[in-house]
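Engineer: next come a sequence and a model predicted from it.
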Amino acid sequence: MFRRHLIAGAITAAFALGGIAPAVAQDAVKVGLILPMTGPFASTGRQIEAAVRLYMAQHGTTVAGKRIELIVRDDTGTPDVTRRIAQEMIANEKVSFLAGFGLTPLALATAPLATQAKKPMIVMAAATAMITEQSPFIVRASFTLPQATVPMADWATHNGLKRVATLVSDYGPGLDAEKAFKERFARDGREVVADVRVPLRNPDFAPFLQRVADLKPDALFVFVPSGAGAQFMKQFQERGLDKTGVRLIGTGDLTDDDILNDMGEPAVGVVTTHHYSADHSSAVNKAFVKAFKAANKNARPNFMAVGGYDGMHLIYESLKATGGSTDGEKLVGAMKGMSWQSPRGPVTVEASTRELIQNIYVRKVERSDGELYNVEFATFQAVADPAKKR
């Protein structure tokens, strides 16, 4: 599927992690896409790969006179595997970009390699705030959990919620979400009555939900990673919390567009804040959703897909800006300050943080034409990552 091409000129030194070979002119620019394609987070990998391939189909495979060659590898969601694949891609495949990274531990495993090899590393999913601080070569095309969470805390405050419990998956993004919500909400007499943490892998939410039920808060704020929302919603209903008056709020990972229809009636009315919904009403997004469905057996794109799509935009536009140069520092420099109209809305790469400044939308799950959608009803405009010092 991927053909090797001869490189003009002699390679004067072999790549090793202790030293980098000089740049070699080549006709192909290789993009190494590392994703969880099997295992519990496979939906993340499938969505990102599908969006990356859609972008390439729409924009061609030649940029600035260079042919774009995509190399996809499955890391199974395991950091050691991610690191090994990244090493092989740098040393053997001679990739110019590393991209993907469905979970925070996978991105963190690769960051030192990107720094040493001076390869742009485009994070298309992982959302812990500190990821971009681990390498000057990381640029994020997704979002951060504090970026999505602080607007939810503000919405909860303005809508009269006074006692809220938090329930998060016990890893980097979940801890980010817990901290951001608590710090923002617990002001002016408002109270976070419990901080509940659930194991990331093979979670059983039932005992944790019983604890929440016993506390009888006004609302439960939830963060679970993409794909885990269906299991959470099932157990939320089984415990009867949907009948107790406890409002369910969270970040958009909870009501992931990819699996929202599988959640059924318990999801209706859930309010979340996020940077993307397949129901976003812009012309750019309507065209994106239509093309994605046409290319993927009517599958609906989710926020992981838009991260992959915009990640490829960064790669293509940075190559145009450098005239096809694959010098890592020049490419990252070209990405800083870049702005465009994404399917999610207007976005800008903040030069000082290499994070996206983007709109965060307040959405409610509603039923339309027999399907469930995250319907946007309010907007926090041009939100920067609140976890970064400026």
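Structural biologist: Happy to help now that I have it. Residues are numbered from 1 along each chain as shown.
Engineer: what's the pLDDT at the residue most central in space within the chain?
Structural biologist: By Cα atoms, centre = their mean, the mean C-alpha position of the chain lies nearest to residue 125, the distance being 2.5 Å. In the prediction, the pLDDT value recorded for residue 125 is 97.
Engineer: that one and residue 46: what is the separation?
Structural biologist: 12 Å (Cβ to Cβ, to the nearest Å). In this view, the C-beta of every residue, glycine as well, is placed from N, C-alpha and C.
Engineer: where exactly do the helices run in the stretch 201-350 of the chain?
Structural biologist: Using DSSP state H, counting those that start in this stretch, the helices of the stretch 201-350 of the chain run over residues 206-215, 229-238, 260-263, 283-295, 303-321, 328-335.
Engineer: name the nearest residue to the residue nearest to the centre of the chain, sequence neighbours excluded.
Structural biologist: Excluding the flanking residues, the one nearest residue 125 by Cβ to Cβ, 6 or more residues apart in numbering is residue 102, at 4.7 Å.
Engineer: for the residue nearest to the centre of the chain, helix, strand, or coil?
Structural biologist: coil (DSSP: H, G, I helix; E, B strand; the rest coil).
Engineer: that one: what's it in contact with?
Structural biologist: Residues in contact with residue 125 (Cβ atoms under 8 Å, 6 or more residues apart in numbering) are 44, 48, 100-103, 142, 226, 304, 307-308.
Engineer: dump the residues you listed into JSON lines; add neighbour count, distance to residue 218 and pLDDT as well.
Structural biologist: Shown next, in JSON lines, are the contacts of residue 125 (neighbours: other Cβ atoms under 10 Å; distance: Cβ to Cβ, whole Å; pLDDT from 0 to 100):
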{"residue": "44", "neighbour count": "32", "distance to residue 218": "32", "pLDDT": "95"}
{"residue": "48", "neighbour count": "32", "distance to residue 218": "36", "pLDDT": "98"}
{"residue": "100", "neighbour count": "34", "distance to residue 218": "39", "pLDDT": "98"}
{"residue": "101", "neighbour count": "34", "distance to residue 218": "36", "pLDDT": "98"}
{"residue": "102", "neighbour count": "31", "distance to residue 218": "33", "pLDDT": "96"}
{"residue": "103", "neighbour count": "26", "distance to residue 218": "31", "pLDDT": "94"}
{"residue": "142", "neighbour count": "26", "distance to residue 218": "30", "pLDDT": "98"}
{"residue": "226", "neighbour count": "23", "distance to residue 218": "27", "pLDDT": "83"}
{"residue": "304", "neighbour count": "30", "distance to residue 218": "31", "pLDDT": "97"}
{"residue": "307", "neighbour count": "34", "distance to residue 218": "32", "pLDDT": "98"}
{"residue": "308", "neighbour count": "30", "distance to residue 218": "37", "pLDDT": "98"}
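Engineer: select, from those, the two members most distant in space.
Structural biologist: 103 and 308 (14.6 Å; Cβ to Cβ).
Engineer: can you list the low-confidence ranges for the chain?
Structural biologist: Within the chain, the ranges that satisfy pLDDT under 70 run 1-26.
Engineer: and if we set it to 90?
Structural biologist: In the predicted model, the chain carries pLDDT under 90 at residues 1-27, 39-41, 187-189, 200-203, 225-230, 237-245, 264-266, 368-369, 389-390.
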